[in-house]
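Engineer: I need the structure of the sequence given here:
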Amino acid sequence: NRRRQTSLLLFLARWCAQVQVPGIMTRQISDTRIVSSQPLLNPWVLAQEIPATDSIAAFIGSARDEIAEILRGNDKRQLVIIGPCSVHDPKALLEFGQRLKEFEASVKDALFLVLRVYFEKPRTVAGWKGLINDPDLDGSFRVNKGLKLARQVLRDVAELGLAAASEFLDTTLGQYYADLVSFGAIGARTVESQVHRELASGLSMPVGFKNATSGEVSVAIDAIRSARESHRFPSLTREGTPAILQASGNPDCYLILRGGAQSGPNYHAADVNAAVEKMKQAGVTPGLLVDCSHGNSSKDHEKQGLVIADVCNQIKHEQHGIRGVMLESHLRSGNQAIDTLHSLTYGQSVTDACLALDDTLPLLDQLAETVRATR
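Structural biologist: Numbers count the residues shown, from 1 in each chain. Below is the predicted model of the structure:
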């Protein structure tokens, strides 16, 4: 019935725009470049279809608390956000998660592992925009299917006993799955965006802001300061109703160093020291994460191990500002093009190249040993 009503309203709107009434302007001036529209799934309906059980809610709430304590410096473990650059095959992601969960027992005293579950990909010009936008990877853009897949994946990850991290790109889609996310990220391309700072101020989990693509760190620190404040902004309620939301402000926002296109890597001791000092001067918690990929690896996934080694050395020399790392890793090393859709290699990224899980786990052992030794 809702679909029929929506279709009827669209038909009437188009008919009214085209009908000629004497004395009334007949030229269409609205939606002149919109070629089609579809009803969007209601977030409350999706949450009823794929609910967060009481046990899952308790797990996610506890994971958020533990992550916050690590980033505040009260818990001496290191936060590790690890997983594929983006999710394109839920089955492969869950296999990665299962193996990560099995490994977790050997390092849980020193590391808190969070699975990277990214559904949206910001593009410099054009390209595949992620599982939500185009779940079939074929340009069919079945967004409602993508939203269902995203929520199901996050619930499956929680049922594995793993916390999930995700980047929030579209400022309204979070209502469909944010309750299943334990750590949120605002990317380098959106860190200067006011609406993303407002969004972060209302998110119910700790949030990391990446430095700008240029390598500029101050904009991310400004974003942290902004997200701590109360904001009012238009969005959707959990019931799917357009509304002006008032956020109380998010006190758990932190810096992510990811290097820059112009400035190069920024994970070395001098860069970390400078970032920590800037955070102190700005009055924000001097805790940060080091992204081992992107600009810090110079876009070479194999160099993530060099970043981990440097981070470990800094921790040994009592650099307490580093509270965690991010790693791009998948079942298989490297990446592949989507134009080979019918012959995709299982467990290999279709966006940024990733380090193979078998090569990543020894790096986590190295980090865990460093944490144990310094404690």
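Engineer: pretty sure residue 325 is in a helix, no?
Structural biologist: No - using DSSP: H, G, I helix; E, B strand; the rest coil, the assignment for residue 325 is strand, not a helix.
Engineer: burial count for it?
Structural biologist: Neighbourhood size, residue 325 [other C-beta atoms under 10 Å]: 28. From N, CA and C alone the C-beta is placed, and that goes for glycine too.
Engineer: and the closest residue to it other than its chain neighbours, what does it touch?
Structural biologist: In this structure, residue 325 finds its nearest non-sequential neighbour in residue 290, 5.1 Å apart by C-beta to C-beta, 6 or more residues apart in numbering. Residue 290 makes contact with 256, 257, 267, 272, 296, 307, 311, 322, 324, 325, 326, according to C-beta atoms under 8 Å, 6 or more residues apart in numbering.
Engineer: Among the residues you listed, which one sits closest to residue 374?
Structural biologist: Closest to residue 374 out of those is residue 322 (11.1 Å), distances taken as C-beta to C-beta.
Engineer: partner residues bridging that closest one?
Structural biologist: Going by DSSP bridges, residue 322 is paired in beta bridges with residue 288.
Engineer: rewinding a little: now pLDDT and distance to residue 337 too, for the contacts of residue 290, in a markdown table please.
Structural biologist: Below are the contacts of residue 290 laid out as a markdown table (pLDDT from 0 to 100; distance: C-beta to C-beta, whole Å):
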| residue | pLDDT | distance to residue 337 |
| --- | --- | --- |
| 256 | 98 | 28 |
| 257 | 98 | 29 |
| 267 | 98 | 29 |
| 272 | 98 | 35 |
| 296 | 97 | 24 |
| 307 | 98 | 26 |
| 311 | 98 | 32 |
| 322 | 98 | 35 |
| 324 | 98 | 32 |
| 325 | 98 | 28 |
| 326 | 98 | 24 |
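Engineer: Closest one to residue 75 out of these, please.
Structural biologist: Using C-beta to C-beta, the contacts of residue 290 come closest to residue 75 at residue 324, 10.8 Å.
Engineer: Surely that closest one touches residue 75?
Structural biologist: No - with contact defined as C-beta atoms under 8 Å, residue 324 does not reach residue 75; the gap is 10.8 Å.
Engineer: who's more crowded, those two?
Structural biologist: residue 324 (26 against 16).
Engineer: ok, for that one, nearest residue in space, not its chain neighbours?
Structural biologist: Going by C-beta to C-beta, 6+ apart, residue 324 has residue 79 as its nearest residue, at 3.0 Å.
Engineer: least trustworthy helix or strand in this structure by mean pLDDT?
Structural biologist: When the helices and strands of the chain are compared on mean pLDDT, DSSP states H and E, helix 2-18 comes out lowest with a mean of 62.
Engineer: Check whether the residue nearest to residue 324 sits in a helix, strand or coil.
Structural biologist: With three-state DSSP as the criterion, residue 79 was assigned strand.
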